[in-house]
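# heads up, no residue letters with this:
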């Protein structure tokens, strides 16, 4: 992925199969932030580690809400959940940085770049046809 | 705006100054969806009309949650809130269409297009320098 997001599956004590903290160690970053017990099978555990995960989850919770994200992840195949978490984190962080446009500001900037490049290409095509 | 979103300030009985339904008429689309009384000063009323607004708000509520969006809008200047609602609606609808990537899929597609166009432009620049 070429989007810039610092969220990823980084909890080494868990796997990416939807498992939670079953080792009796630190809770995952989400449960740490929500101050709740991290149970085995915790939907967030594979993607929010106990250290930086809590900070990342805070942004996700503030923008989307833990409950909405949990429901969303439950409806996504396990092998696709990491991509979903990364894009959700990206959207959340973008919305906190720019509350009005969020990551849509990135879409506008890219659209402008595509329009500019297409004009340049069309100009050159016309120029080549004349020459 | 060139993003495709059907959400906009369309409630003719309200203005864009953060006012709600004070005419005693239909509740705004958000209050209709939430089945609550639409009070004067309702934060959602200027942007979700009584007809299509409820459908649009359903997507926003499912992805972001009414409470999170309300808090977000309250922290944005009134003249910027319509842009915020449009981008939030766009993100919500994109996430419902594509639960894994949401509107980030659009960012990926545009990034690919920019990379492709840049390669084409670079190739032509090199060709012109040789000729």
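Alright, I've got the coordinates. Just so you know, these numbers come straight off a predicted model, no measurement behind them.

# tell me what the biggest helix by length in chain A is packed against?
The longest helix of chain A (DSSP state H) is helix A:104-130. On a contact count with 3 or more Cβ pairs under 8 Å, 6 or more residues apart in numbering or on different chains; DSSP states H and E, helix A:104-130 meets helix B:81-97, helix B:104-130. Just so you know, the C-beta spots here come from the backbone N, C-alpha and C atoms, and that holds for glycine as well.

# Packed most tightly, which of these would that be?
Ranked by average neighbour count under the criterion mean count of other Cβ atoms under 10 Å in any protein chain shown, these are headed by helix B:81-97 at a mean of 22.

# could you check the angle helix B:81-97 makes with the longest helix of chain A?
Relative orientation of helix A:104-130 versus helix B:81-97 (axes from the mean of the first three to the mean of the last three Cα atoms, to 10 degrees): 80 degrees.

# For helix A:104-130, the averaged confidence score.
Per-residue pLDDT over helix A:104-130 has a mean of 91.

# Using TSV, please lay out the helices and strands packed on helix A:104-130 together with distance to residue B:52.
Output for these, formatted as TSV (distance: least, Cβ to Cβ, whole Å):
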stretch	distance to residue B:52
helix B:81-97	11
helix B:104-130	23
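
# With adjacent residues omitted, what lies nearest to residue A:98?
residue A:105 (5.4 Å; Cβ to Cβ, 6 or more residues apart in numbering or on different chains).

# Check residue A:110 too.
With sequence-adjacent residues excluded and distances taken as Cβ to Cβ, 6+ apart, residue A:110 is closest to residue B:110, at 3.7 Å.

# who in chain A is up against chain B?
Residues of chain A that fall close to chain B, judged by Cβ under 8 Å from any Cβ of the partner chain: A:1-3, A:62-65, A:67-68, A:72, A:75-76, A:80, A:83-84, A:87-88, A:90-91, A:95, A:99-104, A:106-108, A:110-111, A:113-114, A:117-118, A:120-121, A:124.

# still on that earlier bit, so what's the residue nearest to residue A:110 up against?
A:107, A:110, A:111, A:113, A:114 (Cβ atoms under 8 Å, 6 or more residues apart in numbering or on different chains).

# What is the nearest of those to chain B?
Nearest to chain B among these, counting by Cβ to the nearest Cβ, is residue A:110 at 3.7 Å.

# Surely residue A:32 touches residue A:55?
No: using Cβ atoms under 8 Å, residue A:32 is not in contact with residue A:55, being 9.9 Å away.

# Just want to know which of the two has more residues nearby.
residue A:32 (21 against 14; other Cβ atoms under 10 Å in any protein chain shown).

# so what's the more buried one scoring on pLDDT?
Residue A:32 is assigned a predicted lDDT (pLDDT) of 95.

# List the buried residues of stretch A:54-73.
A:54, A:56-61, A:63-66, A:68-69, A:72-73 (16 or more other Cβ atoms under 10 Å in any protein chain shown).

# Out of the residues you listed, which is nearest to chain B?
Of the buried residues of stretch A:54-73, the one sitting nearest to chain B (Cβ to the nearest Cβ) turns out to be residue A:65, at 4.2 Å.
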